[in-house]
Every structure is written in C-alpha cells, then in structure tokens.
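Enquirer: Attaching a predicted model along with its sequence, questions to come.
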Amino acid sequence: MPIINIDTLITLLIAFVLLYLVKKLFDHSAKISGIDTFRRFPSPFSALISLLLFVALVAAFMVIPAYFSHVFPDCWLLRNVQSLSLLELLLILTGSIALAWFIARFHPDFWMYSGFGTKMYLTDSDDSRSRIGTKWLVALLVPVLPIRSYEVVGVQQISWEHTEYATEALESIRWDHVMDTVYRRWWIYGLVALGIIADIAFSVFGCL
C-alpha cells in the first residue's frame, strides 16, 4: 500500500502551484504599488520546507519504536508502529531532509512556521558589515543541518518567526562558524539526546 496515492499528490501539487502564483501576484503588486509589506508574504517553498522537516521529525521519532517492534514482535505497545517498515521510515526521514536542504539551498527566504523552517545564525559582532551568518534547517527550534554561509550586510526583524537579511553568499560553508553555532547551543542538543534516550526507554521497557 503506497504511503501517498496519486490523487493526493496531484491535489498537493495543484495547491502548491496556486500558492506560488498568489505569492508572485503579491510580489508584483508590491513592485508596482511600492507597498513593501506585500513582499513579506511567505513563499510556498518556505511552507514546503517546514512541512518536510515536520515529516522528517515524525519519522525520526518513529524509527526507534519501529526497530524495537521487530525486536519484540509480540509487544502490544508497539504493534501499531509496524504499519511502516523501518526502511520506509528511514527513506522518509533522509528523503525529507535532503529535499528540504536542496530547496533551501536555492531558495533565498528565511522563514519558520512553529519552529520549523530555515533560520540564519549570525556571529556576535557590533559591526554588521563584518558579520558572518550560516543558514540552517531548523526543526522545533533545533539547528539540524547547515545550508550555506553568507556575509550579512543588513538585518530587518519582521516578526518572531521571520527576519529579512541583505546577504552576499560565500563560496563555501564556514565550518568554523557552524561548529561555533553548535557549541553555543550544546544544551539544545543535550535535550535532543535526552529525548532519544526517552524514546528508547519507552520502546524497550514498555515491552519487557
């Protein structure tokens, strides 16, 4: 049984195209009217990235129970997880993240929906002209994967979930900045590790 049928896929594709056309209409209206607010209407690509990251997160937290459902095939607690195989979940997880990364790599916006999407992490500097930023995929406010590094020459805070940047893309990812971003948020990754441990404990001890 397929994970998603062709009719649902076609419906989603049509909805995406319509949203994209609405975005283009708003951008065109902004250009001819000079009302800059219209430019802040989110692109459907931003929504797609957020959706893919949400799907990846759900798949990630189902991988461990799915694995232990094969270790404990008679466990009543995990029997519903067997609707998707471990391989299918891993394909959904890696495929969703890879597609989100590819879209975000070429999509210029930085936008999040309820903690899912893309975000720029900047160096701490009083001189905006010398600031380096790295664009990340973010899931539940956790930096998941770096996408591209930039020299940031301007920042405008639009809302809590959206910031606009004037940037110049660098030739490659600044890995020193990536490591600094991870180091400064060690406690976030610690919480993720605790969540994984809790997921393992729930799967194992519930079946013993």
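Expert: Happy to help now that I have it.

Enquirer: which one's the longest strand in the protein?
Expert: In the chain, with assignment by DSSP state E, the single longest strand is strand 142-159.

Enquirer: how about that one: buried residues?
Expert: 142-150, 152 (16 or more other C-beta atoms under 10 Å). C-betas here are computed from N, CA, C, even on glycine.

Enquirer: in the sheet, who's paired with the residue lying closest to L170 once chain neighbours are set aside?
Expert: Of all residues not flanking L170 in the chain, S149 sits nearest, at 4.6 Å (C-beta to C-beta, 6 or more residues apart in numbering). With DSSP bridges applied, S149 shows beta-bridge pairing to T134.

Enquirer: can you start the count at 59 instead of 1 from here on
Expert: Will do, 59 is the new start, and the previous item becomes S207.

Enquirer: show me the contacts for S207.
Expert: 190-193, 227-228, 230-232, 235-236 (C-beta atoms under 8 Å, 6 or more residues apart in numbering).

Enquirer: Strand 200-217 and the helix or strand following the longest strand of the chain, what's the angle between them?
Expert: Next along the chain after strand 200-217, taking DSSP states H and E as the criterion, comes strand 220-227. On the basis of axes from the mean of the first three to the mean of the last three C-alpha atoms, to 10 degrees, strand 220-227 is oriented at 110 degrees to strand 200-217.

Enquirer: Low-confidence bits of the chain, can you list those?
Expert: 59-71, 73-75, 77-78, 81-82, 84-100, 134-142, 182-188, 215-220, 264, 266 (pLDDT under 70).

Enquirer: how about the helices in it?
Expert: Taking DSSP state H as the test, the helices found in the chain are 64-91, 102-129, 144-164, 233-242, 244-263.

Enquirer: Make TSV out of the ones you listed and add mean neighbour count.
Expert: As requested, the helices of the chain are exported to TSV (neighbours: other C-beta atoms under 10 Å):
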stretch	mean neighbour count
helix 64-91	12
helix 102-129	20
helix 144-164	17
helix 233-242	14
helix 244-263	13
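
Enquirer: Turn those helices into a markdown table, including distance to M170.
Expert: Formatted as a markdown table, those follow (distance: least, C-beta to C-beta, whole Å):
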| stretch | distance to M170 |
| --- | --- |
| helix 64-91 | 17 |
| helix 102-129 | 7 |
| helix 144-164 | 11 |
| helix 233-242 | 16 |
| helix 244-263 | 15 |
